[in-house]
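K.L.:
Here's a sequence, model it:
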Amino acid sequence: MTAVEKIEEQLASLRIAKRSVLPEEPAYLLDMDLSKPAQSESSRFVAVSCSNQSIRVYNRETLNFLREYRSCPGMLSGVRFAHACDSVVFSACGDGTVKCWDVRSASQKAVQVFRGYPSNVFISFDINCSDLIVCAGTEKAEKDTFLVFWDARGVTNCAGTTKEPLGVYSESHNDDITKICFHPVKPNLVVSGSTDGLVNVFDINKDSEDDALISTCNSDSSVSFVGWSGKDYKQVYCMTHDEGFCWWDIAQLDTEDPITLLHVLDARNTVCIENDSLHYLVGGLYHEKVDKLFLIGGTYTGNIHLINCGTDGLSLVGTLCGGHSATVRSFCWNLTDESLLTGGEDAQLLLWKPGAVERSFAKKTSMKSASSVQKRVRVHSSSLKSKRKVKF
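P.N.:
Down below sits the predicted model:
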C-alpha cells in the first residue's frame, strides 16, 4: 500500500465523533489551533477565532465550551497556542496589538499585550517554535507595510504588562501581509505572504532586513496561506485568493536547479473530482510520516476534499461529506490520533475520528449572514510590482 493509499484509507474511516453546541450568537469559525501536548499527553484545548471578534476555547475531546475572549475594537486575525505552555493562547487584532490569554483564568484581561506602532493594523501573526519571538504583519498604511517583532519571553508571569516592539521589517513587501508562518523546528526562520504576490523567507538572526531575506518567490497573485513542507522543512508553499497554489524548494537556492516544484494557477480547474467540484482551498498540511504535502479544500455546501501534492500536479485523495452545511474555513489535523477538527461558516466545530459514531446527528442549516464577516484583505492588483529580484 502506498503512502497516499494509506492516507486515503484513514480519511475514509473518519466519522463525526463530536459536534459543538451552537452558541447563542453564531459566528463564522475562521481559524483554529490545538494546544501543544505536554510530553505524552494529548492536546487539551482547541481555540477558535470567530467573525464576531471573539476567541472561543473548547475542550479538545468533548468540544465542551470553556472560555470566550472578546477583543474590541478590531477584527481578530488568527489564533495560536504557545508551544511550551498549553494554556497560553495568542491572537492578533486590528487595534494594533497581539494579545495573549491564559485559558485557565476566567479573567477577560489579557496576560500580555504586544503593542505595535500607531498606524499598525495587524491581519496576520505567528509565534516561533521556541516561544521567544512573536511576529505580526500589517495592512498597508499609506505606502508602508511592516513585519513587527516582539520578545515573547515571560508571557505567563508578567500578567497585564505591555511589550513594545523589538523592531520591524519594512522593505520586503509592498502590500498587506496576509500570512506569517515560523519554521516548525528552526526558531530563526519565518515565511511571509502578501497581497503583493510575494512569499519571503527570512532568517531573523541576521542583523539587517536585507541580510535576513533568504529568498523571494513570486506567486503572481494575492497570497492567502503559507506553510513549510518537505524533509527538514526545506520547502515553502502558498495558496492564493484566486485558488492558485505554488510550491518551492528553498534547498535549491544555491544550485543551478529551479526552485519551483509546482505552480498551479487555479486548483479548481486541475483537481478532477467525480460527481463533485472544488470551490476553494483552505490550507495545507505536511505529513511527516509519509513525507507528503496535502491541501484541504471544499465546496460551498460543506464537503471537504483532501488533495495530494506532487511535482506532477494535484490529485484528489478523498472527500468528507455530511458534516458541514457551508464553506469550511479552518481545520486542525492531529496526526497522532488521526483525528480532524473542522470549523466553518455554518458556525459548527466538528471533531472527526476513525470509526466514530455520533450519538445525536442533527445537521445544522447554513448561516445566511454573509455580511457578518469583513474581508480583511483587498483584491490584489493585476500588475504585481516587486521591490526585489525574484528567483525561480
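K.L.:
just the helices in the stretch 151-300 of the chain please.
P.N.:
For the stretch 151-300 of the chain, the helices defined by DSSP state H, counting those that start in this stretch cover 209-212.
K.L.:
pLDDT below threshold where in it?
P.N.:
Applying pLDDT under 70 to the stretch 151-300 of the chain flags the ranges 155-160.
K.L.:
what residues are up against D232?
P.N.:
V185 (Cβ atoms under 8 Å, 6 or more residues apart in numbering). C-betas here are computed from N, CA, C, even on glycine.
K.L.:
Recalculate using a threshold of 10 Å.
P.N.:
Listed by Cβ atoms under 10 Å, 6 or more residues apart in numbering, the contact set of D232 reads 183-186, 251.
K.L.:
Over to G343?
P.N.:
Contacts for G343 (Cβ under 10 Å, 6+ apart) come out as 20, 28-32, 46, 48-50, 56, 324, 328-332, 349-350.
K.L.:
again, but for Y169
P.N.:
Counting by Cβ under 10 Å, 6+ apart, Y169 touches 135, 137, 145-149, 177, 190, 192, 200, 202, 204, 208-210, 212-213.
K.L.:
which of the residues you listed are buried?
P.N.:
In the contacts of Y169, burial by neighbour count holds for 135, 137, 145-149, 177, 190, 192, 200, 202, 204, 209, 212-213, counting by 16 or more other Cβ atoms under 10 Å.
K.L.:
Mark which of the residues you listed are part of strands, please.
P.N.:
Counting by DSSP state E, the part of the buried ones among the contacts of Y169 found in strands is 135, 137, 147-149, 177, 190, 192, 200, 202, 213.
K.L.:
biggest separation within those residues, which pair?
P.N.:
The span of those, defined through Cβ to Cβ, is set by V148 and L213 at 16.4 Å.
K.L.:
Tell me which helix or strand K18 sits in.
P.N.:
strand 14-19 (DSSP states H and E).
K.L.:
What lies in contact with that strand?
P.N.:
The contact list for strand 14-19, computed with Cβ under 10 Å, 6+ apart, reads 58-64, 304, 306, 318, 320, 322-324, 338-342, 348-364.
K.L.:
one step back: out of the buried ones among the contacts of Y169, which is nearest to I273?
P.N.:
S192 (31.5 Å).
K.L.:
Spit out the contact partners of the closest one.
P.N.:
Taking Cβ under 10 Å, 6+ apart, one finds 124, 126, 135, 137, 145, 147, 169, 172-173, 177-181, 198-202, 223, 226 in contact with S192.
K.L.:
measure it to S325 for me?
P.N.:
34 Å (Cβ to Cβ, to the nearest Å).
K.L.:
now swap in K206 and tell me
P.N.:
48 Å.
K.L.:
More neighbours: these two, which one.
P.N.:
Higher neighbour count among K206 and S325: S325, with 18 against 13, using other Cβ atoms under 10 Å.
K.L.:
Helix, strand, or coil at that one?
P.N.:
For S325, the assignment made with DSSP: H, G, I helix; E, B strand; the rest coil gives coil.
K.L.:
neighbours around S49, how many?
P.N.:
A count of neighbours around S49, defined by other Cβ under 10 Å, yields 28.
K.L.:
Now the host helix or strand of it: buried residues?
P.N.:
Assessed by DSSP H and E, S49 sits inside strand 45-50. With burial defined by 16+ other Cβ under 10 Å, the residues of strand 45-50 counted as buried are 45-50.
K.L.:
so what secondary structure elements neighbour that strand?
P.N.:
Counting contacts by 3 or more Cβ pairs under 10 Å, 6 or more residues apart in numbering; DSSP states H and E, strand 45-50 packs against strand 29-34, strand 54-59, strand 65-70, strand 76-81, strand 88-93, strand 328-334, strand 339-344, strand 349-354.
K.L.:
among the ones you listed, which is the most enclosed?
P.N.:
Mean neighbours per residue, mean count of other Cβ atoms under 10 Å, is largest over these for strand 88-93, with a mean of 26.
K.L.:
Would you list the strands that that one pairs with, along with their directions?
P.N.:
Taking DSSP bridges as the criterion, strand 88-93 sits next to strand 76-81 (antiparallel), strand 97-102 (antiparallel) in its sheet.
K.L.:
before we move on, back to that, top of the contacts of D232 by neighbour count?
P.N.:
H183 (19 neighbours).
K.L.:
can you pull the contacts of it?
P.N.:
H183 sits next to 128-129, 189-191, 201, 203, 228, 232-234, 236 when contact means Cβ under 10 Å, 6+ apart.
K.L.:
Run the chain-centre distance for stretch 196-203.
P.N.:
Averaging C-alpha positions (Cα atoms, centre = their mean, to the nearest Å) puts stretch 196-203 16 Å from its chain's average.
K.L.:
Can you mark which positions in it are buried?
P.N.:
Buried positions in stretch 196-203, judged by neighbour count with 16+ other Cβ under 10 Å: 196-202.
K.L.:
so how many other residues sit close to K234?
P.N.:
Neighbour count for K234, taken as other Cβ under 10 Å: 16.
K.L.:
from memory it sits against D254, does it?
P.N.:
No. Between K234 and D254 there is no contact under Cβ atoms under 10 Å: 11.7 Å.
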